[in-house]
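Student: Provided below for reference: sequence and predicted model.
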Amino acid sequence: MATSTTPRDVATPDRPARGGKPGRSRFRRPRRSLLPYLLLAPAIVLELAIHVVPMLVGAWMSLLELTQFHIRDWSTAPFVGLENYRVVLDFDSAAGAELLHSFWVTVLYTVASVGLSWVLGTTAAVLLQRPFRGRGVLRALFLTPYALPVYTAVITWSFLFQRDTGLVNHVLVDQLHLFGEKPFWLIGGNSFVALLIVSVWRSWPFAFLCIMAGLQNIPGDLYEAAAMDGAGFWRRLRSVTLPMLRPVNLVLLLVLFLWTFNDFNTPYVLFGGSAPEQADLISIHIYRSSFKTWDFGSGSAMSVALLLFLLVVTAGYLLITNRRRNDA
């Protein structure tokens with residue numbers, strides 16, 4: 001005798017057939033693996049401990065009158081709100097005028113250092129693009145300043161810039177006779193030039209490395225086609241090399257700008273923690289305001305203001321470059 005089976009008697013992946021034993025579905029959604037989160041956990045913890053938490057603490061310190069009288073017990077420091085920001089950003093006052101001076105010195109230093117580093121790095125990368133004997137040795141020598149520890153490199157330069165015993169004055173005055181007397185390099189007006197030389201010497205190998213990597217991705221057919229059309233070296237550089245390097249340069253210039261504007265190690269090691277007025281970068285100014293005068297509230301306010309300025313500049317830079325990329 002034939003029996004009929006209704007749809008509700010048919011077993012489905014979500015429901016067993018009538019009369020069947022209830023059990024787990026044969027088809028189930030696979031579980032998400034926890035391995036990616038476990039691998040990311042150490043990096044997230046370190047990022048929170050090294051960057052996020054100190055940044056939040058610094059923002060809180062900027063709202064307190066945290067001076068040497070309250071540094072042992074923060075709970076006794078009065079809450080002043082935005083008063084520290086009002087004081088340090090009042091450019092008519094002495095503190096605001098000094099901060100503004102340091103800001104403009106830092107802007108000039110950053111523009112000059114980034115520009116010279118980019119020009120030197122691009123020039124070296126383009127000249128070393130074609131293979132020749134000794135190219136590997138030159139590449140290794142050019143990358144040496146970038147590989148050296150910052151303290152070792154800057155301390156060496158501080159000895160080179162000594163007035164009476166430094167190699168710089170020995171070459172310029174005693175050998176080349178370019179100056180009548182030995183100039184001071186670490187004090188006075190020449191201190192900015194000395195700081196800029198050390199900064200460019202340390203930064204341009206990074207630009208050279210990035211540009212050299214970008215040149216490897218340019219097809220050689222483009223240069224061959226340009227040469228067949230009669231384009232010379234400068235025309236190929238302007239019409240082929242620089243346009244193809246545009247994505248690399250966009251990232252490179254932003255990274256160099258952020259590194260140089262926030263540079264603290266170079267002036268601190270070169271001048272010993274108290275830079276001359278002509279080389280008073282904003283990082284050294286904040287350090288001196290915090291650890292020399294023990295006014296951590298004002299120093300934190302300057303740091304937060306600097307962070308906001310860099311965020312605005314970075315966001316504007318990315319917005320403009322992305323808009324130009326989309327228009328192209």
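Tutor: Perfect, thanks for sending it.

Student: tell me the mean pLDDT for the helix or strand hosting Met212?
Tutor: Met212 is part of helix 190-215, with elements assigned from DSSP states H and E. Averaged across helix 190-215, the pLDDT comes to 94.

Student: Downstream of that helix, the next helix or strand is which one?
Tutor: With elements assigned by DSSP H and E, the helix or strand that comes after helix 190-215 is helix 220-228.

Student: Show me the contact partners of that next one.
Tutor: By Cβ atoms under 8 Å, 6 or more residues apart in numbering, the list of residues contacting helix 220-228 from outside reads Arg235, Arg236, Ser239, Val240, Met244. (Glycine included, C-beta is placed from N, CA and C.)

Student: Who are the contact partners of the last one?
Tutor: To tie it back to what came earlier, the one meant is Met244. When the contact criterion is Cβ under 8 Å, 6+ apart, the partners of Met244 are Gly214, Asn217, Ile218, Leu222.

Student: Give me the mean pLDDT for whichever strand or helix holds Ala125.
Tutor: In this structure, Ala125 is located in helix 94-127 according to DSSP H and E. Here helix 94-127 scores 94 as its mean pLDDT.

Student: Same check on stretch 77-88?
Tutor: Per-residue pLDDT over stretch 77-88 has a mean of 89.

Student: That one: which residues count as buried?
Tutor: Buried residues in stretch 77-88, counted by 16 or more other Cβ atoms under 10 Å: Ala77, Val80, Glu83, Asn84, Tyr85, Val87, Val88.

Student: Now do the end-to-end distance for it.
Tutor: The distance separating the two terminal residues of stretch 77-88, taken as Cα to Cα, to the nearest Å, comes to 19 Å.

Student: Tyr109 and Asn262 touch, don't they?
Tutor: No: checked against Cβ atoms under 8 Å, the pair Tyr109 and Asn262 is beyond contact range at 11.6 Å.

Student: Show me which of those two is the more surrounded one.
Tutor: Tyr109 (22 against 16; other Cβ atoms under 10 Å).

Student: For Leu237, grab the count of nearby residues.
Tutor: What Leu237 shows, counting by other Cβ under 10 Å, is a neighbour count of 15.

Student: what do you get for Gly272?
Tutor: Other residues near Gly272 number 10, with proximity taken as other Cβ under 10 Å.

Student: before we move on, the earlier item: buried subset of the contacts of Met244?
Tutor: Burial by neighbour count, 16+ other Cβ under 10 Å: within the contacts of Met244 this picks out Gly214.

Student: Format the contacts of Met244 as TSV; extra columns: distance to Asp295.
Tutor: What follows is those, written out as TSV (distance: Cβ to Cβ, whole Å):
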residue	distance to Asp295
Gly214	45
Asn217	50
Ile218	52
Leu222	58
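
Student: For the closest residue to Val304 other than its chain neighbours, give me its contacts.
Tutor: Among residues not flanking Val304 along the chain, Ser62 sits closest, at 5.1 Å (Cβ to Cβ, 6 or more residues apart in numbering). If a contact means Cβ under 8 Å, 6+ apart, then Ser62 has Asn84, Tyr85, Gly297, Ser300, Ala301, Ser303, Val304 as its contacts.
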